[in-house]
Structure formats: structure tokens, C-alpha cells
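Student: sequence and computational prediction follow.
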Amino acid sequence: LGRRFGRRNLLLACIVIFTISSAACGAASNLGTLILFRILQGAGGGGLQPISQAILLESFPPSKRGQAMGLFALGVVVAPILGPLLGGWLTDNVNWRWCFFINLPVGLLAILLSALFVEDPPYLRNNRPTKVDVWGLFFLTIWLGCMQVLLDKGQEDDWFGAVWLRWMAGLSFLGLIGFVIRELSAREPLVDLRILKDKSFATGVSLVFLIGIVLYGTLAALPLFLQTLIAYTAFQSGVTVSPRGIGAVAGAIFAGRMLGHMSARTMVALGFFLLAGSSFLMGNFDIEISQFNVIVPNLLNGFGAPLVFVPLTTAAVITLRREQMGNATGIFNLFRNIGGSVGTSLIATYSQRFAQVQQNFLAGYYTPENPNYRDALASVQGYLATQSGTVPGAQQTLGVLYRTLTDQASLWAYVDIFQWSGYVCLASLPLAFFLAPAKGKPPAEGIMH
């Protein structure tokens with residue numbers, strides 16, 4: 001669409017669609033219309049990040065792209081972290097509808113600034129109109145649409161135990177095969193998959209997929225952990241998670257300043273190392289954990305994320321031509337979003353399935369032959385008797401112990417998830433050294449000043 005109608009026009013159209021649909025979401029009268037307007041909101045918002053990245057990468061020489069991406073990462077990394085804090089406050093103190101209405105002034109400002117300052121590069125202004133690859137778009141829609149339904153509804157309907165989800169998986173696979181064949185054979189493809197032959201770009205796409213799984217997965221798991229097991233409110237959970245944004249701001253500034261003095265490979269590896277460390281710290285959580293001990297790994301996680309995103313964005317495309325930037329950023333962000341969807345789905349699935357496994361394991365200790373169980377049973381009975389003045393029944397006592405069992409099982413499920421996130425980060429670390437080395441001399445002065 002950017003090649004056909006101009007990138008500036010597409011950017012403005014996406015902002016307008018996103019802003020109007022945000023207002024419609026806030027005014028929705030029922031769940032069905034809210035879902036419809038959320039789809040439109042996603043359609044408008046989905047194009048904003050790859051278009052913005054392409055504009056920045058083409059506007060700066062290679063020596064300053066790292067600094068430009070450092071500033072860009074402030075929005076990419078920090079906004080999703082601060083969102084739960086602001087959203088929790090609005091939900092608790094105003095109304096959930098204002099989580100959508102708040103987009104209106106921001107959208108109007110973005111429309112004004114984009115209209116004033118964004119211009120298409122000469123090769124796009126002089127580009128001849130191209131045909132829209134309808135078949136490519138069809139197969140892409142089948143692939144991603146069915147895959148998203150599968151990921152969203154899998155845990156709820158027992159994954160491949162449901163016939164209709166097996167159909168979704170099959171259609172998604174056929175859509176992917178059809179999409180790849182069509183794009184490799186079309187004269188004017190919707191997406192030029194041939195750029196994946198570039199080793200550095202293919203490595204960058206693989207890494208952004210993996211970090212999407214880790215970051216979005218932990219970002220989804222941590223508020224659930226705090227609200228379901230530690231009994232935090234939505235706002236308390238947002239306050240506890242929000243220091244990740246402080247770390248992300250510091251990390252983005254550090255990455256932008258140091259990219260000219262430190263190789264992108266080394267910085268990406270360092271970022272994955274810090275993300276692994278923060279995940280393993282989260283893997284030591286317990287139900288009695290203090291707020292401070294939750295904040296520390298969040299700060300570390302926030303600092304590590306831009307150390308991956310900023311150099312990865314520049315190193316992935318550094319060997320590509322300027323004309324390939326728009327296509328490359330589209331693919332790059334597509335795989336980041338797919339990774340995020342996979343990560344969120346995995347969290348929804350394994351937070352329940354790991355809890356079931358842990359519950360079966362812990363239940364083996366709930367036997368009269370275990371002296372610890374007998375002591376706990378007597379302790380609970382005594383406590384309930386002092387509170388009620390009567391001897392509690394066996395069902396009431398066992399109910400209290402069962403609640404303890406399920407809480408501990410859920411705790412260990414989250415611990416397993418955080419630890420596995422750390423292992424994924426460690427496994428991703430060596431891939432950083434397959435990225436292309438940076439080009440250009442380190443800038444003496446840059447936009448970060």
C-alpha cells in the first residue's frame with residue numbers, strides 16, 4: 001500500500017483509522033461492537049510501527065541509525081509497559097472507556113505533525129502504480145487470521161482436541177504454504193520474501209520473533225501473577241510493573257549512545273543476557289515476595305529490552321538497499337507481533353497446565369501418613385475454631401488447605417514460565433553473532449545530544 005499510494009498518505013490513513021476506531025471502542029454499547037471496532041483499531045495501528053521504522057531508517061545515514069532507533073525504542077518499549085499503569089488507574093478511578101478515549105488527543109496531534117513533517121522519498125514519489133497482489137493478500141489473511149484464532153482460542157477449547165481448531169490449524173498451514181509459493185513466483189509480490197536470503201536480516205527476524213515471545217509472555221504473566229496470587233489491584237499491579245519503563249528509558253538512551261562504540265552483535269548479546277538474568281530472578285518469586293523484589297527484575301528487564309531492539313533493528317537491515325526498507329520493516333514487525341501472540345498464548349496455556357501438573361504432584365503430600373499434613377490440618381482447625389467459636393467441619397478445613405495447594409501450584413507454574421523464558425534468552429544469545437557488523441564511523445555528535 002505504501003508503494004501504491006505513498007508512505008505519507010498511508011501513515012496518515014492509519015492514524016486516522018486508529019484514532020476514529022479508538023473513539024468508537026470507547027463508545028461501544030456491547031461486546032460485539034467493541035470487538036468489531038478493536039479489529040478496525042488493529043488494522044489502523046498495525047501499519048504504524050513498520051511505516052515509522054522505514055521512515056527513520058531512510059532519513060538517517062547508517063552511522064546515525066542506531067541513535068534514531070534509540071529514540072524510537074522509547075516508544076516501542078516504554079509505551080506497552082506504561083500502558084498497564086495508566087490503564088489500571090483509569091479503570092479503577094474513572095472508567096475503562098477512557099483507556100480508548102485517551103487516544104483521541106494523541107491521534108489528532110500525530111495527524112497534524114505527520115501532515116507537516118513527513119515526506120515520501122523520491123523513489124516512492126516517482127514510483128509507477130503497481131498492481132495489488134490480491135492472491136498474496138488472500139493467502140496472507142488465511143494464514144495469519146486462522147493462526148490468530150488458533151492461538152487465542154486454543155487453551156479455552158483444548159487445542160487440537162477441538163475439531164474446529166484442527167481446521168484452523170490446517171487452513172493456517174495451507175495459507176502459509178500458498179503465501180510463500182505465491183510471493184516467490186509473483187512478478188510484483190505483496191511481500192518480497194527474497195530478502196530473507198540475507199543472512200543478517202534472516203537472523204534479525206528470528207531474534208525479534210524470540211524476543212517477542214519472551215517480552216510479551218512475561219508482560220502478560222507478571223500482572224496475572226500479582227493480581228491472582230498476591231491480590232494486587234489493577235493499579236497496584238501497574239505501579240509494580242511500571243519501573244520496567246524506567247529501565248527501558250535508560251536502556252534506550254544507553255543503546256543509542258553506545259551503538260557507535262560497541263558492536264551491534266555484542267549489545268544484542270548483552271541485552272539477551274540481561275533479559276535471561278531478570279527472568280531467572282522472577283523464577284525465584286514466592287507468594288510472600290515484597291514489592292521491591294518484584295521491581296528489581298523489572299528494572300533489569302526494562303533495561304535489557306532496548307539493548308536488543310535498538311541494535312537489532314539497525315543490524316538486521318544494514319546490508320539491505322534503501323528501496324527494501326519498507327518491505328523489510330513490515331516483515332520484521334510481523335514476526336515480532338507473531339512472537340508476541342505466541343508468547344501470550346503460551347502463557348495462557350502453560351500457566352494452567354503447569355499448575356495442574358504441580359497440583360497433582362503436591363497432592364501426593366496431602367495424606368494422613370504425612371506428619372506435616374496432620375500438623376497443618378490441626379493448625380487450620382484450631383485457627384478456624386478460634387475465629388468462629390465452634391469446631392469446624394472436615395470439609396471447611398480441607399477447603400482452606402486445598403486453597404493453599406492451588407495457590408502453591410499456580411506459583412510454581414509461574415516460576416516454571418519465568419525460568420523457561422530465561423532459557424530461551426540464553427539460547428538466543430549465540431544467534432546475535434550471525435548479525436552483520438555495523439558500517440560507518442562512530443558519530444561524534446548525534447541526535448541523542
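Tutor: That came through, no problem. Residues are numbered from 1 along each chain as shown.

Student: from here on, contacts and neighbour counts on C-alpha atoms
Tutor: Will do.

Student: residues near Gly364, how many?
Tutor: Applying other Cα atoms under 10 Å, we find 9 residues neighbouring Gly364.

Student: phi, psi for it please.
Tutor: Here is the backbone geometry of Gly364 (degrees, to the nearest 10): phi -60, psi -20.

Student: now Ser237
Tutor: Per-residue torsions, Ser237: phi -60, psi -40 (degrees, to the nearest 10).

Student: same deal with Leu259?
Tutor: According to degrees, to the nearest 10, Leu259 has phi -60, psi -30.

Student: same deal with the one 4 residues further on?
Tutor: As for Ser263, its main-chain torsions (degrees, to the nearest 10) stand at phi -70, psi 150.

Student: shouldn't it be in contact with Pro437?
Tutor: Yes. Using Cα atoms under 8 Å, Ser263 is in contact with Pro437, at 6.9 Å.

Student: most centrally placed residue in the chain?
Tutor: For the chain, the residue sitting closest to the mean C-alpha position, by Cα atoms, centre = their mean, is Tyr216 at 3.0 Å.

Student: which segments of this protein make up each domain?
Tutor: 1-122, 131-191, 201-438 (the TED database).

Student: quick check: mean pLDDT across the second one?
Tutor: The average pLDDT within domain 131-191 is 89.

Student: flag every buried residue along the helix or strand containing Thr329.
Tutor: For Thr329, the enclosing helix or strand under DSSP states H and E is helix 325-363. By 16 or more other Cα atoms under 10 Å, the buried positions in helix 325-363 come out as 325-352, 354-356, 358-359.

Student: tell me the spacing between the closest residue to the residue nearest to the centre of the chain other than its chain neighbours and Ala355.
Tutor: Closest residue to Tyr216 apart from its sequence neighbours, by Cα to Cα, 6 or more residues apart in numbering: Gly340 at 5.0 Å. Distance, Gly340 to Ala355, using Cα to Cα, to the nearest Å: 22 Å.

Student: do Gln41 as well
Tutor: Remark: distance between Gln41 and Ala355 (Cα to Cα) = 34 Å.

Student: who's in contact with Val241?
Tutor: Counting by Cα atoms under 8 Å, 6 or more residues apart in numbering, Val241 makes contact with 81, 85, 222-223, 294-295, 298.

Student: touching, Arg182 and Gly136? I think so.
Tutor: Yes. If you go by Cα under 8 Å, Arg182 and Gly136 touch, sitting 6.1 Å apart.

Student: between the two, what contacts are shared?
Tutor: Common neighbours of Arg182 and Gly136 (criterion: Cα under 8 Å, 6+ apart): Pro189.

Student: rank the contacts of Val241 by pLDDT and give me only the lowest.
Tutor: Lowest pLDDT of the contacts of Val241: Ile81, 66.

Student: related to what we said a few turns ago, check which helices and strands the helix or strand encompassing the residue nearest to the centre of the chain is in contact with.
Tutor: Take DSSP H and E as the rule and Tyr216 turns out to sit in helix 199-228. With contacts defined as 3 or more Cα pairs under 8 Å, 6 or more residues apart in numbering; DSSP states H and E, helix 199-228 has these neighbours: helix 234-241, helix 291-317, helix 325-363, helix 394-428.

Student: in it, which residues are buried?
Tutor: Of the residues in helix 199-228, those with enough neighbours to count as buried (16+ other Cα under 10 Å) are 200-226.

Student: okay, the angle between it and helix 234-241?
Tutor: Counting by axes from the mean of the first three to the mean of the last three Cα atoms, to 10 degrees, helix 199-228 lies at 130 degrees to helix 234-241.

Student: tilt between helix 199-228 and helix 394-428?
Tutor: Per the same axes, to 10 degrees, the angle that helix 199-228 makes with helix 394-428 is 160 degrees.

Student: orientation of helix 199-228 relative to helix 291-317 in degrees?
Tutor: Helix 199-228 runs at 160 degrees relative to helix 291-317, counting by the same axes, to 10 degrees.

Student: any idea whether Gln41 is helix, strand or coil?
Tutor: Following DSSP: H, G, I helix; E, B strand; the rest coil, Gln41 is assigned to helix.

Student: please verify my assumption that it contacts Ile15.
Tutor: No. Gln41 lies out of contact with Ile15 (Cα under 8 Å); the separation is 9.5 Å.

Student: overlap of the contact sets of the two?
Tutor: By Cα under 8 Å, 6+ apart, Gln41 and Ile15 have no common neighbours.
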